Structure formats: C-alpha cells, structure tokens
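Novice: pasting a predicted model and its sequence here:
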Amino acid sequence: MNEIVASWAERIRAAAADGRALNLQGGGSKDFHGRRAVGEDFALAEHAGVMDYEPTELVVTVRGGTPLAELEALLAAQGQFLAFEPPHFGAGATVAGCVAAGLSGPRRASVGAVRDFVLGVKLLDGRGEVLSFGGQVMKNVAGYDVSRLVAGSLGTLGVILELSLKVLPRPPREATLRFEMAEGEAIDRLNDWGGQPLPISASAWNAGVLTLRLSGAEAAVAAAITRLGGEPLADDQALTFWSDIKEQRTPAHDLAGHEQLWRLSLPSSAAPLRLSGRQVIEWGGAQRWLAGDLPAAQVRSRAAELGGHATLFRGGDRAGEVFSPLPAPLFAIHRRLKATFDPAGIFNPGRLYQGL
Amino acid sequence: MMETTEDLPAFALAEVDYSGLDRARVVQALAKVLPVGALLFDNEDLRPYECDGLASYRAVPLAVALPSTEEEVVAILRTCSQLGVPVVARGAGTGLSGGAQPHPHGLLLSMARFNRILHLDAHARTAVVQPGVRNLSISEAAAPHNLYYAPDPSSQLACTIGGNVAENAGGVHCLKYGLTVHNLLRVRAVTMEGEIIELGGHALDAPGYDLLALFTGSEGMLGVVTEVTVKLTPKPQIARCVLATFDDVTKAGEAVAAVIAAGIIPAGLEMMDQPATAAVEEFVRAGYPLDAKAILLSEADGTPEEVAEEIARVSEVLQASGAGEIRVSRDEAERLRFWAGRKAAFPAAGRISPDYYCMDGTIPRKRLGEMLEAIQGMEGRYGLRCLNVFHAGDGNLHPLILFDANQPGELERAEAFGTEILELSVAFGGTITGEHGVGIEKVGQMCVQFGERERKQFFRVKSAFDPDGLLNPGKAIPTLNRCAEYGRMHVQGGALSHPELPRF
C-alpha cells in the first residue's frame, strides 16, 4: 500500500471509530451536485497518475485523482477518447469524481453511460481496507459487478483509488446538422431516426432548433447527411456547440436568481413536458433539462407521469431531497448495501439521500 | 441473520447444511400457494431438472415449482423464506457453469411459464418481456420493425432472457454492441423475502445506486427476475465478413491488436486455431483453409458504404500484419458459411471426442500468443487435446478440452487442465470467466481471482438482498472454508491429490 493510501486508511479508521463524517473531495467541480455535503473535507486529488495505458487493449487504468483533462489529452494523442463524453463542470475535475458523479455527456444515448465503460475499480472501504473489483478486460463476469455500482454512487460507498475504463477510437468523421423544428416534432423525429441505422451520436433541441451530430465512418456520415438534409454547421462552431451543451454553458442552462435546473430522465419517446421554463432536450429525447422556478412536486409528478424521474440538478433546496425518492423496499436495500461498504456511515452521508 | 464479529453473514464462512429440512412439510406448504400442476415432487418428474448445460454436475431437487404469475413467485419465495428452504431459479438450463444446477435440499424454481412478450414499443425501441422468453424470439418479434435485440449468446435459440440477465450473457457481437448489461433498461424482480423491486426504468437511468448493473450477472443470487425491459437496436442494412489466414498464431494475435489500433471496432472479431479449424471443417465444410495455423474472421456491419470502407481498411491492416490468404464474403450465403464453422466449434468438438470441456477465460489481447503456447504445453502434460476458439476482439477464450469420461482419470485431468488455463488467465491480468459465469464450476477458481476481503464483501453484498443466503447457495462466491480447502489442494501441487473428495 503506498503512503498516501496508508495514511488515508488510517484516517478512515479513526473517523469510523469516532463516527465522524467525511466529505470526499476530488477537484470540487461537482460540489453543486447532490444534497448538501456534510462532514470534514477529505481531499483526494493528490492520488493521481496514469498506471497503465495500452491503446490496442482499449483500456486505461488511472489513479482516482488524475485530472480528467489530463486523461482526455493522453487518449486524444492516440486517437482515442472516453466515449461517454463526461462533463467537467470545472477545471479541477478528476476521473474518480467523474465516475462517482456518474454523469455522461451528449454521446450517452448512442454509446452508453459512464457505468458502461467502467471495467474495474479499487476502493478504500469504510473499514480502511483496499478492495479490488472487476479488472482490465472487457468481458468479466466473475463476482458481483461492484465496479459499475460505484458509478453514480456519489462517494457514498468508498474512496475510489483506481479505475480501469474502456476507451474507444475517435470516429473518423463527425458532422453537425441543424433543423428548425417544434418540440413535439423533434421528439418524434429523434425516435424515428433512432430506429434506423443512422450514425447519430448526439442531439440537442432548444427553442425551435434541433441540432444533430453524426459520427462514424466517412461514407456513413456522408450518406446520412444526404439523407437527412438540414443545415450543416461549420466544424469549429460544432465543437463549441457540443462542448457548451456538455458543460451547460448555453443561455437555456443559465440560472437567474432563485431559478433551478431540473434534469428529467424519461423514456425517449415521452411527450413534451408542458412545464414552464427553458428547455434543452438531449439523448434522443431521453434527457430533458428544464430551467425555471417550479415547485419540486410539480416537476417530479410530471416526470413520473411520463415514465421517468427528475433530479434537482442545480440550485434550489439542497437540504431537501434532490433525487427522486425510492420505493421503501428498494431504499432498504440501498441502506443495507451502503452499510456493507461503510458500516459507520462516514462517507458522504446524506449526499445521495437523507438517511443513506 | 447470524453474524460474526466481522459483520459477515454465517453463510459466508461455510456452506449451510440443509439436509434436515422436512421435505413433506415444504411440499405441503408450497402446494397451498400453487395451483395443481405447478408443483412437481415425484422423483421421475424431478429428473429432467437435475442439471443445466454443465452435465457433469447433477443433483435432484427437493421439488420443482412452475409458477405462471408474479404473485405465485412472491408466495413461493415467502414460503421458502419462512421455512428456510434454498431456492434455485432456472430459465432454459443452457448455462455452462452449473449456475442453475438444483440444490439437493432446495426448491428448483422454473421460470419457463413466464414466456410472453408483454409489449414491444417500436418507436421507443424497447420490449418488455417475461424472463422465460427466448433470446432469439425477442429479435424475431422485433424484426418487422427492422429492430433486434443485440446480445447473441451461441445458445440464443434456446436460452431465455432471464438467464441472460443472471449470467450477463455475451455473444459474438458484443465487442461492438455490448453485453446484456449494456442492453437492459429495467429488471423487475422478487427478493427472497418476497418483496417486489424494480431496478432501472424506461428512461436511460434511474435514481439511486445502479442496482441494475449490480444485479446483471449476479447468477440468481440476489433475486428472481419476473420482467425485463430490453433495448432494441436498428438492424444493420448489411454485414460482410473477412476471413484471413495466418501461418503463426502469435501473428494472428498481433493482427487483432493492429485492427483495434487502426481505430476499427468490428461487429465481430473471432479467431480459431488449426485443430479447431480442422475439426469444424470436417463437420460443416465451411471451406476453411486447412494449412493455416490460425484463421481470423472479422465482420463489418452497417450501411453498404461504411461496410465497404471498413472491409477495405480491415483487409489492408490484416495484409500488413502478415495474413496469407484474405477472403471477403461476396454474398450473404458466403458470409453465413464463414460463420457456420465458427458457430459449429462446440458441436464439432462433441463429434470428434466423446466429451469436451469448454473454458471461458478472458485475457488482455496482447497475451493471446503466449496463452496459446502455454495451452500447447499443457496438452502434452495432461495428455489431452485442446481446440481453441476465441472471441479475439475482446480477449475471451473458449478452449475446448477433449476427453473421454469413460477413461479412468480423464475427467480429472481435463478439469486440472482447465483450472491451469483459468489460473494463467488470472496471472495474465484477466479473469476466470468472460461470459459463462462462475456457477458451481469455477467457484474454486474464485479463490484465485479474488482475495479474501473481496470475497467477504461479495457475501455482504448478497446479504443486503438476501439476508439468509437462501438464493442459489453454494454458487458463484466460495465460502471462506472452501477457499481454505482450495488453497490446501494447491499446496500439494497442481494435480489433485484426493480425487475421492467432492470438488465443485
């Protein structure tokens, strides 16, 4: 065990013995996410560095504190990337923070989420013990899939020491097209296209304009452009556009005063929201951002009615529930599961749900 | 739940002895909650359930339940929970690791009657199905909409989606399209205590922990699946396949890495060694060249334009990697012929040998050549032949060890051979199972794959879903006692010193 890890293990054991909560901190870029943090800050960014990267294996293994930007640059030099296109939300974003937050970017509907790319994880649990799950190979069904469970757990299960992630080659060609289209029609078209063998890698609808990104082999992208029509966007503008969508830098995401940003995760074909506010629709209709000032109950009940769930993503009351409440039997499993990793309940208590 | 000081459930330490269960009482209690014809307990009715696809391990269950509704599943599990009866869920029983092998003192819960496709939404590209629906029938139902369910395990004609969820089944196309875990949206399940839970949902994610991912591949240890929502994928317009020959297996392995390095993710990338090629050629006459040390099959799918582009690039890479002959399928019939051989590898092994033992390790691709050399050495040492077929794209090996169970000692030698391959897979940084599951077959090798801390944690995870450890006991995760025993066998050096001991 290296020195940093040994000292962390010591600190965890002491905190567990005293029942002191720890607020796990990577780069602090996603502090806004989840419920209000409690406990003493536990800085984790210093445990950084790439452990192993062989492009032909399509796998990279890094320490948790490795800056996300550094990893992305390393992969880009080999023509590869993190296909789930994680948002950074700040310069300090770390790889462990990215996985703990479990947030995926514009490409999610076409290639998968963070969890789909997590192959292995090394954790420090609440007993101060190092646990290794999964590995560096793509097909592995030995033991329970704890690695993927860690994705999106918001640091409530343990300290992520190392991660093995599947990486993919960058598509040889990308193109972005624009269509003027009303919300309902955009949702319909996106679902129609989703059922056809088209190389759509991202979509974003806002204020009557649908923007579509195509990625793939030269020939496939060229054929799709001919077939779909639309207004092409210049490559540099397209890069900025998708980066702004991913990092939520558009006017639609921008919050004024007491406004909140809601994230509604719905079946892709769900009807328009018909809630007041500014909207960005991504993931072929399956992710809908809503900025405005609406009562939580109204947003949640509309999301449930449409077959999905709603998260209070930014702003609003961080002391209340931020994620949609779980049915009792499921929440009981969550609590028992959390306790198996963190018996003293010291890791980010209450960040995901009150009482977890 | 009994607990030790280490907050470990008792069933983590040693296997629980259920031999004291009163069979008549269990049958009587279950008969009360099930309609006539849904409970089997006569010995002759139980026989057909005594094993799954791993036929060398057998056990007759205490009884077999065949529920048709979720309410019946709840009632069965509540009853068994109250009486402390182990329960093993079963789909089609095609699994190769003994995961659905009955417990001799437990109930076998067959989900065969849950065989309906409940809803297919072509627009949203999802299908809601019962767990006993066959993998292939989902694709058949989706075909009129030009959609299909992507994971295609070789048993897809017979295997059920419930079993696929339990095993996180793969297939030849998972390099590009993912495993079961990547193609599920939602699982509805009943816990051992009879609670109904829904994991995932009809959106792309669900609030809370990703229990859908944890549940997928959990080998029937956490809950019984009663409904599954799968994603459907647009059917590629066309597919074409390249067949390339190599005069050296290491070169073929390097060619696989070169394809990936060129930024190509083929729909399928498969490799067969010379003995495997010879065995299938005799069987299906696929037209494979018999003088090559290894052949590679690389499939491209998509629009006609992108397929043409990929085929050209792959051919170029294979040429540069030292391929001898390169053939490109000219039509669908020829493509299917290329695949016919690969898909017939298992039956071909069965044809040239009285018995065969199929292994399922995964290793980093770069170690393929080394692994093949090591296997060659083992063939000599164990005095048994081995055919090698690989899902080369993702490093998943299926060595087929040929033996004759009627020859004294051959089964034991085959198992020791297999164990050595799996342990070498772990040493190479890989895993003992890529897609077949641990079941009962590889529960011993789990002691090598994972340390004691991780194994303890697995038991704790199980106890969060199943506090008394009644679901599929003895499978997937070895007890601490079993690993202690496994360690002792190893100290005595490779070959098993006590063949009279039962080993699982």
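Specialist: Nice, I can see it.

Novice: buried sites along stretch B:79-92?
Specialist: Buried residues in stretch B:79-92, defined by neighbour count with 16 or more other CB atoms under 10 Å in any protein chain shown: B:Thr79, B:Cys80, B:Ser81, B:Val85, B:Pro86, B:Val87, B:Val88, B:Ala89, B:Arg90, B:Gly91, B:Ala92. Backbone N, C-alpha and C define where each C-beta goes, glycine included.

Novice: got TSV for these, with secondary structure and distance to chain A too?
Specialist: TSV is the format used below for the buried residues of stretch B:79-92 (DSSP: H, G, I helix; E, B strand; the rest coil; distance: CB to the nearest CB, whole Å):
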residue	secondary structure	distance to chain A
B:Thr79	helix	18
B:Cys80	helix	18
B:Ser81	helix	14
B:Val85	coil	21
B:Pro86	coil	19
B:Val87	strand	18
B:Val88	strand	18
B:Ala89	strand	16
B:Arg90	strand	18
B:Gly91	coil	16
B:Ala92	coil	18
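
Novice: need the max-distance pair from those residues.
Specialist: Farthest pair in these (CB to CB) is B:Ser81 and B:Ala92. Separation: 25.6 Å.

Novice: doesn't A:Trp205 belong to a helix?
Specialist: No: using DSSP: H, G, I helix; E, B strand; the rest coil, the assignment for A:Trp205 is strand, not a helix.

Novice: want to throw the buried residues of stretch B:79-92 into TSV with distance to A:Met51?
Specialist: Putting the buried residues of stretch B:79-92 into TSV (distance: CB to CB, whole Å) gives the following:
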residue	distance to A:Met51
B:Thr79	50
B:Cys80	46
B:Ser81	44
B:Val85	46
B:Pro86	42
B:Val87	42
B:Val88	40
B:Ala89	39
B:Arg90	41
B:Gly91	39
B:Ala92	41
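
Novice: which stretches of the stretch 201-350 of chain B form helices?
Specialist: Ranges of helices within the stretch 201-350 of chain B are B:211-215, B:249-261, B:274-284, B:304-320, B:332-343, B:345-352, based on DSSP state H, counting those that start in this stretch.

Novice: now swap in chain A and tell me
Specialist: A:3-18, A:68-76, A:95-101, A:108-111, A:114-117, A:146-150, A:183-194, A:218-228, A:235-247, A:296-305, A:328-341 (DSSP state H).

Novice: what's the most buried one of these?
Specialist: Mean neighbour count (mean count of other CB atoms under 10 Å in any protein chain shown) peaks for helix A:95-101 among the helices of chain A, with a mean of 29.

Novice: what about dumping the CA coordinates of that helix to CSV?
Specialist: What follows is helix A:95-101 as a C-alpha-only set of coordinates in CSV (Å, rounded to 0.1, in the frame of the first residue of the first chain):
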residue,chain,number,x,y,z
VAL,A,95,-11.5,10.9,-13.0
ALA,A,96,-12.8,9.5,-9.7
GLY,A,97,-15.1,12.4,-9.4
CYS,A,98,-16.4,11.8,-12.9
VAL,A,99,-17.2,8.2,-12.1
ALA,A,100,-18.6,9.0,-8.6
ALA,A,101,-20.9,11.6,-10.1
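
Novice: gap between that helix and the chain center?
Specialist: Distance, stretch centre to chain centre, for helix A:95-101: 8 Å (CA atoms, centre = their mean, to the nearest Å).

Novice: on contacts alone, who are the packing partners of that helix?
Specialist: When contacts are defined as 3 or more CB pairs under 8 Å, 6 or more residues apart in numbering or on different chains; DSSP states H and E, helix A:95-101 packs onto helix A:68-76, strand A:159-166.

Novice: thinking again about what came up before, A:Val209: which of the buried residues of stretch B:79-92 is nearest?
Specialist: Looking across the buried residues of stretch B:79-92 and measuring by CB to CB, the closest to A:Val209 is B:Gly91, at 47.2 Å.

Novice: distance check, the closest one against B:Pro35.
Specialist: 21 Å (CB to CB, to the nearest Å).

Novice: any idea how many residues pack against residue 35?
Specialist: If you meant another chain, say so; for now it's chain A. Applying the criterion other CB atoms under 10 Å in any protein chain shown, we find 22 residues in the vicinity of A:Arg35.

Novice: I was after chain B.
Specialist: When neighbours are defined as other CB under 10 Å, B:Pro35 has 12 of them.

Novice: contacts only, for it.
Specialist: Contacts here follow CB atoms under 8 Å, 6 or more residues apart in numbering or on different chains; on that basis B:Pro35 touches B:Glu72.

Novice: quick one: pLDDT of the residue nearest the centre of chain B?
Specialist: When CA atoms, centre = their mean is applied to chain B, the residue found nearest the centroid is B:His436 (2.1 Å). In this model, B:His436 is scored at 93, pLDDT.

Novice: for residue 130, the count of nearby residues, please.
Specialist: I'll assume chain A. 20.

Novice: actually, chain B is the one I wanted.
Specialist: Using other CB under 10 Å, B:Gln130 has 22 other residues around it.

Novice: again, but for the one 3 residues further on
Specialist: If you count neighbours by other CB under 10 Å, B:Val133 ends up with 25.

Novice: what residues are up against the residue nearest to it when sequence neighbours are not counted?
Specialist: In space, and not counting its chain neighbours, B:Val133 is closest to B:Ile161: 5.3 Å by CB to CB, 6 or more residues apart in numbering or on different chains. Going by CB under 8 Å, 6+ apart, B:Ile161 touches B:Gly91, B:Val129, B:Pro131, B:Val133, B:Arg134, B:Asn135, B:Ile138, B:Val228, B:Val230.

Novice: in strands only, show me these.
Specialist: By the criterion of DSSP state E, membership of these in strands covers B:Val129, B:Val228, B:Val230.

Novice: wait, doesn't B:Ala320 sit right on B:Ala261?
Specialist: No: shown here, B:Ala320 and B:Ala261 do not form a contact pair, counting by CB atoms under 8 Å, at 11.0 Å.

Novice: and those two? which has more neighbours close in?
Specialist: Neighbours were counted for B:Ala320 and for B:Ala261 using other CB under 10 Å; B:Ala261 has more, 19 against 11.

Novice: would you mind measuring from the more buried one to B:Gly171?
Specialist: Per CB to CB, B:Ala261 is found 24 Å from B:Gly171.

Novice: show the average pLDDT along stretch B:367-377.
Specialist: 91.

Novice: so which residues of the stretch 151-300 of chain B form strands?
Specialist: Residue ranges of the strands in the stretch 151-300 of chain B, as given by DSSP state E, counting those that start in this stretch, are B:184-190, B:196-200, B:224-231, B:233-234, B:238-246, B:268-273, B:294-302.

Novice: I'd like those strands written out as CSV, with mean pLDDT added.
Specialist: Putting those into CSV (pLDDT from 0 to 100) gives the following:
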stretch, mean pLDDT
strand B:184-190, 98
strand B:196-200, 98
strand B:224-231, 98
strand B:233-234, 96
strand B:238-246, 96
strand B:268-273, 95
strand B:294-302, 95
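
Novice: out of the helices and strands packed on helix A:95-101, which gets nearest to A:Leu131?
Specialist: strand A:159-166 (9.3 Å).

Novice: thinking again about what came up before, closest to B:Gly287 among the buried residues of stretch B:79-92?
Specialist: Nearest member of these to B:Gly287, counting by CB to CB, is B:Ala92, at 32.3 Å.
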